[in-house]
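Undergrad: After the sequence you'll find the predicted model.
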Amino acid sequence: MPHKETLTPALPRLSRRTVLAAATATAGAFLATGASGLLMPARAQALAPTPTMRGGANNYLPGAPIVERIGGGGFWMTGTVRRAGDGAPLEGIRIQIWAHTTEGHERDPHSHGATLTQADGTFRLEMPQIVPAFGQPHGHLAYDDSAFQTVFLRPVMRSPSDTSLNADFVLQPA
C-alpha cells in the first residue's frame, strides 16, 4: 500500500492587530448575545406623547357635542389616536374639532363638534371647508378627557384649497 501523506494546514501568523481584532469581535458577540449566548431582543424606542401646540386651545369650547357632521360638510378632518409608550390604538376616545370655515368662525358654537375613535384608533369628521384665519388655513383639535393628559393641536393646511387635514395624537396616561 502506498503511504498517504497527511498535510497539516498552516496556522495564521499572529500579530498584535489580529489578536486585537479577534478580541474585539468576541467581546462584541458577547455583548450582543449576553452571557447566556442567546440573542437579546431589540428594544423599540417608546412612542413619545404628542405635545400641545401653541394656539391649539384658542376658542376651545368645553363639552362640544358628538356629531355626525359639522355644518354642511365637504371637508374631512381625520387622524389617529394611540397610547404613548407602546403605540396601541385607542378606541372610544373623544376628539373635539373646530375651525374657521365657510359657515362660521372658530369661536362660534356651531363650528364645534366631537367624534369618537374607532377600534383601530382612527377618527374622521366631515365639516365645512376650512378658510384662512390670521393668514393661515388651520384646524383645531383637542383631547381633554380625564384618562389621558390634555392635548390641543392646531395643524396648518398646505393650501387653502385642500379638502382634508390629518392630525395624529399620541396620548400620555394621566
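TA: Great, that's in hand.
Undergrad: What residue, apart from its backbone neighbours, is nearest residue 159 spatially?
TA: In space, residue 159 comes closest to residue 137 once its chain neighbours are excluded; the distance is 7.5 Å by C-beta to C-beta, 6 or more residues apart in numbering. Just so you know, the C-beta spots here come from the backbone N, C-alpha and C atoms, and that holds for glycine as well.
Undergrad: Show me the strands in this structure, by range?
TA: Along the chain, the segments classed as strands by DSSP state E run 75-83, 94-99, 112-116, 122-127, 139-143, 151-153, 164-166, 169-171.
Undergrad: re the thing from before, quick one: contacts for the residue nearest to residue 159?
TA: Counting by C-beta atoms under 8 Å, 6 or more residues apart in numbering, residue 137 touches 130, 131, 156, 157, 159, 160, 162.
Undergrad: tell me which of those residues is nearest to residue 103?
TA: Nearest to residue 103 among these is residue 131, at 9.6 Å by C-beta to C-beta.
Undergrad: Assess the claim that the closest one and residue 101 are in contact.
TA: Yes. Between residue 131 and residue 101 there is a contact under C-beta atoms under 8 Å: 6.2 Å.
Undergrad: Settle it for me: which of these two has more neighbours?
TA: For residue 131 versus residue 101, neighbours defined as other C-beta atoms under 10 Å are more numerous around residue 101 (24 against 16).
Undergrad: Tell me how far the closest residue to that one other than its chain neighbours lies from residue 145.
TA: Sequence neighbours aside, residue 128 is the residue nearest to residue 101 in space, at 3.8 Å (criterion: C-beta to C-beta, 6+ apart). When distances are taken as C-beta to C-beta, to the nearest Å, residue 128 and residue 145 turn out to be 26 Å apart.
Undergrad: repeat for residue 66
TA: Plainly put, residue 66 is 12 Å away from residue 145 if you go by C-beta to C-beta.
Undergrad: more neighbours, the two?
TA: Set side by side, residue 66 and residue 145 show unequal neighbour counts under other C-beta under 10 Å, the larger going to residue 145 at 15 against 12.
Undergrad: Show me what counts as buried in stretch 102-109.
TA: Residues of stretch 102-109 classed as buried by neighbour count (16 or more other C-beta atoms under 10 Å): 103, 104, 106.
Undergrad: Mind putting the residues you listed into CSV with pLDDT and distance to residue 70?
TA: Putting the buried residues of stretch 102-109 into CSV (pLDDT from 0 to 100; distance: C-beta to C-beta, whole Å) gives the following:
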residue, pLDDT, distance to residue 70
103, 97, 8
104, 96, 9
106, 94, 11
